[in-house]
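Student: the sequence and its predicted three-dimensional model are supplied below.
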Amino acid sequence: MGLFEFLILLLIAGICGSIGQAIAGFNRGGCIVSIVVGFIGALIGSWLSREFGLPELFAVQVGGEAFPVIWSIIGSVIFVVIVSLLTPRRG
């Protein structure tokens, strides 16, 4: 995987993380946080799909690697909801 493919993967993860944060209604941080949330969401979502035997709904091929977009968004929502429940509210 080259630099261009890696940057595209970061962009897709950032978009998925931003969508997950918007759906959950909890937004802390900027672009880097969205990218991290997108990757963690992809891990959580892929794990859930394997555990329940669900199909891969929409995966984007980048540099020979598949990035699960729908499962990343679902995993991001789950991750952000858990983080929002564990984080104290700002005043």
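Tutor: Looks like it came in fine.
Student: residues near Ile44, how many?
Tutor: For Ile44, the count of nearby residues is 19 (other Cβ atoms under 10 Å). Yep, even glycine has a C-beta here, placed from its N, CA and C like the rest.
Student: skipping adjacent residues, who's closest to it in space?
Tutor: Leaving aside its chain neighbours, Ile44 sits nearest to Gly75 (3.4 Å; criterion: Cβ to Cβ, 6 or more residues apart in numbering).
Student: surely the one you found meets Phe39?
Tutor: No. The pair Gly75 / Phe39 is not scored as a contact, 9.5 Å apart, by Cβ atoms under 8 Å.
Student: of these two, who's got more company?
Tutor: Gly75 (27 against 20).
Student: element containing that one?
Tutor: Assigned by DSSP states H and E, Gly75 falls within helix 69-86.
Student: and for Arg28?
Tutor: Judged by DSSP H and E, Arg28 forms part of no helix or strand.
Student: distance check, it against Thr87.
Tutor: 8 Å (Cβ to Cβ, to the nearest Å).
Student: and what of Met1?
Tutor: Met1 sits 33 Å away from Thr87, going by Cβ to Cβ.
Student: now the helices for the protein?
Tutor: Secondary structure of the chain (DSSP state H): helices located at 3-24, 31-52, 69-86.
Student: would you list those in TSV and tack on mean pLDDT?
Tutor: TSV is the format used below for the helices of the chain (pLDDT from 0 to 100):
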stretch	mean pLDDT
helix 3-24	91
helix 31-52	91
helix 69-86	92
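Student: which among the ones you listed is found nearest to Phe58?
Tutor: Taking Cβ to Cβ, helix 69-86 is the member of the helices of the chain nearest to Phe58, at 4.8 Å.
Student: circling back: mind putting the helices of the chain in CSV, distance to Gln61 included?
Tutor: Listed next are those as CSV, based on distance: least, Cβ to Cβ, whole Å:
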stretch, distance to Gln61
helix 3-24, 10
helix 31-52, 14
helix 69-86, 11
